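Asks: just to be clear, the model below is a prediction. Sequence and coordinates:
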Amino acid sequence: MNGLLAMIKTPQDLRLLDNSQINELAGEIRQKIIETVSETGGHLAPNLGVVELTLALHRVFNLPQDKIIWDVGHQCYVHKLLTGRKERFSTLRQYGGISGFPRLIESAYDSFGTGHSSTSISAALGFAIARDYLKEKHSVAAVIGDGAMTGGLAFEALNHAGHLKKDLIVVLNDNEMSIAPNVGAMSGYLSRIRTDPMYSRSKDEVEQLLLKIPNIGPKVLKVIDRLKDSFKYLVVPGMLFEELGFTYLGPVDGHNYQATVNLLKQAKTCKGPVLVHVQTQKGKGYLPAESNADKFHGVGPFKIETGDVINSTGTVTYTEVFGDIIVKLAETDRRIQAITAAMPDGTGLRKFANIYPDRFFDVGIAEGHAVTLAAGMACAGLKPVVAIYSTFLQRAYDQVIHDVCLQNLPVLFAVDRAGIVGDDGATHQGLFDLSYLRPIPNLVIMSPKDENEFQHMLNTAVKFQGPCALRFPRGIGTGCVLDKEMKELPIGQAEVVRKGKNIAIIAIGNMVKVAEDAARILAQQGVDAAVVNARFIKPLDEKCILDLAANTNLLVTVEENMLSGGFGSSVLELLTASGLKTRTHCIGIPDNFIEHGHPKLLRDIYGLTAEGLVKEINMLLGYRSNTLKLIAD
Ligand SMILES: Cc1ncc(C[n+]2csc(CCOP(=O)(O)OP(=O)(O)O)c2C)c(N)n1
Ligand SMILES: CC(=O)[C@@H](O)[C@H](O)COP(=O)(O)O
Ligand SMILES: [Mg+2]
């Protein structure tokens, strides 16, 4: 590596560079990020938008003594390049390589691990409280995007920070984009500050302006103080934050390094909480990303010269099937409404939004609100479909219990990205939903073995008169053909996919195909394995499972979920309650977080492949070698 970036060993080296060198360095950093992400995939547009901002932050704050908490953290690549990881940057999001998000375990410069949105201000306030309590002296800054600022957690933290009045800097990176164009009243407010020249006035100017109005001398001004305040609301930016106890600074052009440095330095001198409003362009410096910031928010490997994504396999993804089928179902069922929490494209709802704009709701990064909004709709007779990734649905757990299932309301949870998601790593793996949803009464939980069964499950779920969660994996399915007509599946009924007399494998979701492939390998070894597609995690097909268990010596469950509290646990609970002593072995994710890496590699590592299943079963059978003959009989 050559150029100025090669010189940067620690952020303190930035002090050696003048502004023209900083601009040159910014160009090198952009090039490095574009080249790397074109190979590895990743969050390109968010990072291209914060190059100058990150340089300014590291120029003004002295890490690791000072703390910077990156909200979501998907925009941390520049920070990582400046903090000792440029040599390893090509391992971005690869197994064993550096994470695409800040990680405590990765570097002392990563003050706090993030990945889920809107946590930065809360964490930063926690750091500020600790600093003061321990009588330490350092700055604490949260860097939060305008999208993340729509998250309720951020407002809770603003409210508390304004109350405590701790020295704290909140840098609002406003690029008018969430993943898609940002939504909500807050976004509109910020955009007005960006676009309306009236907002360029300072508070003093407004006071002077009012005092110049004839016949309104100082004494009268007091009388119309309310008018002055409401007038200020009209023309002074950031009054919303000022009223919450923050000093508002800005807005500043976040691509103007020196101006941003100056404003951050001013923020450091302020007492109490400060909000620094920085305006940037998402995707800055790479034309395809500038003009298509949502496509390049999170992108797979792509051709730099054209911006074309490389690895489209041509097989439909589960998300695409969901997007098509929900539109089809909505044609004949006008009750159907669709809700996303700032991820219209990721959840496949863009087509629905275009066809049924008045039945589509993007609530911003507000999963809890999305679920309770759905509960209200369902209570009033509609059929809301809430499309939220497995990992992000964790944010709305109480709403699922308290507002939907306790009231037994007909809400459909389309739980996308359930299972191993891969490159995004431990913060995003959808490996907990079976465990966190299964204990909830009234909730039906199902997962399809392939895309065809997926459409039948969607049809079944839409017609089901209670709460239902349909979990499905990230990426492509089996490539099977979809039936022309959608069926309605009997709730709680499993499907025997293969009969077998030696052992029995009962699988859920995308693990059914894995189990079938394993059974074929086992058959060549003389082991006749039955395979059952459980279809429903709740209610379980108890009759099918008990019959299976009563007629086999070894029952194996397999799921792409944590073992703890997952599908296998429910089978164990059933067998214990029934008094059956059938030897049972559960295969799934053990009690640890799953780091980033290609999904196929991670499934290999955790034995969630046909070969992995066969190896595990052979080991189990091998342990009983003296009874192998018995089992084979
Ligand atoms: C709780 C949660 N919901 C959804 C997401 C998915 N997500 C990641 S980044 C993002 C948009 C963030 O927008 P913003 O904060 O403005 O950052 P930008 O990408 O514009 O820099 C979303 C919705 C998430 N990480 N966490
Ligand atoms: C940073 C973040 O949380 C999202 O951008 C997430 O990475 C999207 O995941 P998919 O790529 O699976 O849609
Ligand atoms: Mg944004």
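Replies: That came through fine. Ligands and ions are numbered 1, 2, ... in the order given.
Asks: roughly how far apart are the closest residue in space to residue 593 that isn't next to it in sequence and ligand 1?
Replies: Spatial nearest neighbour of residue 593, excluding adjacent residues (C-beta to C-beta, 6 or more residues apart in numbering): residue 426 at 4.0 Å. In this view, the C-beta of every residue, glycine as well, is placed from N, C-alpha and C. Look at residue 426 and ligand 1: by C-beta to the nearest ligand atom, to the nearest Å, they are 13 Å apart.
Asks: wait, residue 426 sits on residue 597?
Replies: No: using C-beta atoms under 8 Å, residue 426 is not in contact with residue 597; the gap is 10.5 Å.
Asks: output the longest strand belonging to the chain.
Replies: Criterion DSSP state E: the longest strand present in the chain is strand 554-562.
Asks: near ligand 3, which residues of the protein are found?
Replies: 145, 146, 147, 175, 177 (C-beta under 5 Å from the ion).
Asks: so which of those reach ligand 1?
Replies: Among those, proximity to ligand 1 is found for 145, 146, 147, 175, 177 (C-beta under 6 Å from any ligand atom).
Asks: could I get the residues you listed as a markdown table with pLDDT?
Replies: Below are those laid out as a markdown table (pLDDT from 0 to 100):
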| residue | pLDDT |
| --- | --- |
| 145 | 98 |
| 146 | 96 |
| 147 | 96 |
| 175 | 97 |
| 177 | 94 |
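Asks: check which helices and strands the longest strand of the chain sits against.
Replies: helix 433-437, strand 503-507, helix 511-524, helix 567-578, strand 583-589, helix 610-623 (3 or more C-beta pairs under 8 Å, 6 or more residues apart in numbering; DSSP states H and E).
Asks: taking strand 503-507 as reference, get the angle to it.
Replies: 20 degrees (axes from the mean of the first three to the mean of the last three C-alpha atoms, to 10 degrees).
Asks: for strand 554-562, buried residues please.
Replies: 554, 555, 556, 557, 558, 559, 560, 561, 562 (16 or more other C-beta atoms under 10 Å).
Asks: and that strand with strand 583-589, angle?
Replies: Using the same axes, to 10 degrees, strand 554-562 lies at 20 degrees relative to strand 583-589.
Asks: now strand 554-562: average pLDDT?
Replies: The pLDDT scores in strand 554-562 average 98.
Asks: that strand pairs with which strands, and in what direction?
Replies: Note on strand 554-562: by DSSP bridges, its sheet partners are strand 503-507 (parallel), strand 583-589 (parallel).
Asks: would you mind pulling the contact partners of the first one?
Replies: Surrounding strand 503-507, the residues in contact under the criterion C-beta atoms under 8 Å, 6 or more residues apart in numbering are 449, 494, 514-515, 518-519, 522, 527-534, 545, 548-549, 551-559, 571, 613, 617, 621, 631.
Asks: put the buried members of the ones next to ligand 1 among the residues of the chain next to ligand 3 into a PyMOL selection.
Replies: PyMOL command restricting these to the buried ones, with burial defined by 16+ other C-beta under 10 Å:
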select buried, resi 145+146+147+175+177
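Asks: quick check, residue 385 in a helix?
Replies: No: read with DSSP: H, G, I helix; E, B strand; the rest coil, residue 385 is strand and lies in no helix.
Asks: verify the contact between it and residue 336 for me.
Replies: Yes: with contact defined as C-beta under 8 Å, residue 385 counts as touching residue 336 (6.2 Å).
Asks: what is in contact with those two at once?
Replies: Between them, residue 385 and residue 336 share the contacting residues 326, 462, judged by C-beta under 8 Å, 6+ apart.
Asks: between these two, which one's more packed in?
Replies: Between residue 385 and residue 336, residue 385 has the larger neighbour count (other C-beta atoms under 10 Å), namely 28 against 20.
Asks: contact partners for the spatially closest residue to the more buried one that is not a sequence neighbour?
Replies: Counting by C-beta to C-beta, 6+ apart, residue 412 is the residue found nearest to residue 385 once chain neighbours are left out, at 4.6 Å. By C-beta under 8 Å, 6+ apart, the residues touching residue 412 are 383, 384, 385, 386, 461, 462, 464, 468, 470.
Asks: count of residues packed around residue 580?
Replies: Neighbour tally, residue 580, other C-beta under 10 Å: 14.
Asks: my guess is it meets residue 546, correct?
Replies: Yes: between residue 580 and residue 546 there is a contact at 6.7 Å, judged by C-beta under 8 Å.
Asks: would you mark the buried spots in stretch 81-88?
Replies: For stretch 81-88, by 16+ other C-beta under 10 Å, it's 81, 82, 83, 84, 85, 86.
Asks: Serialize those to a markdown table and add fields for distance to residue 253 and pLDDT.
Replies: Output for those, formatted as a markdown table (distance: C-beta to C-beta, whole Å; pLDDT from 0 to 100):
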| residue | distance to residue 253 | pLDDT |
| --- | --- | --- |
| 81 | 22 | 98 |
| 82 | 21 | 98 |
| 83 | 25 | 98 |
| 84 | 29 | 97 |
| 85 | 28 | 98 |
| 86 | 26 | 97 |
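Asks: quick revisit: among the residues of the chain next to ligand 3, which lie within strands?
Replies: Members of these lying in strands (criterion: DSSP E): residue 145.
Asks: what is the nearest of the residues of the chain next to ligand 3 to residue 212?
Replies: Lowest distance from residue 212 to those (C-beta to C-beta) belongs to residue 146, with 34.8 Å.
Asks: that closest one: what's it in contact with?
Replies: Per C-beta under 8 Å, 6+ apart, neighbours of residue 146: 172, 173, 174, 175, 176, 177, 178, 182, 186, 187, 190.
Asks: same question for residue 93.
Replies: Counting by C-beta under 8 Å, 6+ apart, residue 93 touches 40, 41, 42, 99, 100, 423, 424, 425, 596.
Asks: next: residue 521.
Replies: Here residue 521 is in contact with 610, 611, 614 (C-beta under 8 Å, 6+ apart).
Asks: change it to 6 Å
Replies: By C-beta atoms under 6 Å, 6 or more residues apart in numbering, the residues touching residue 521 are residue 614.
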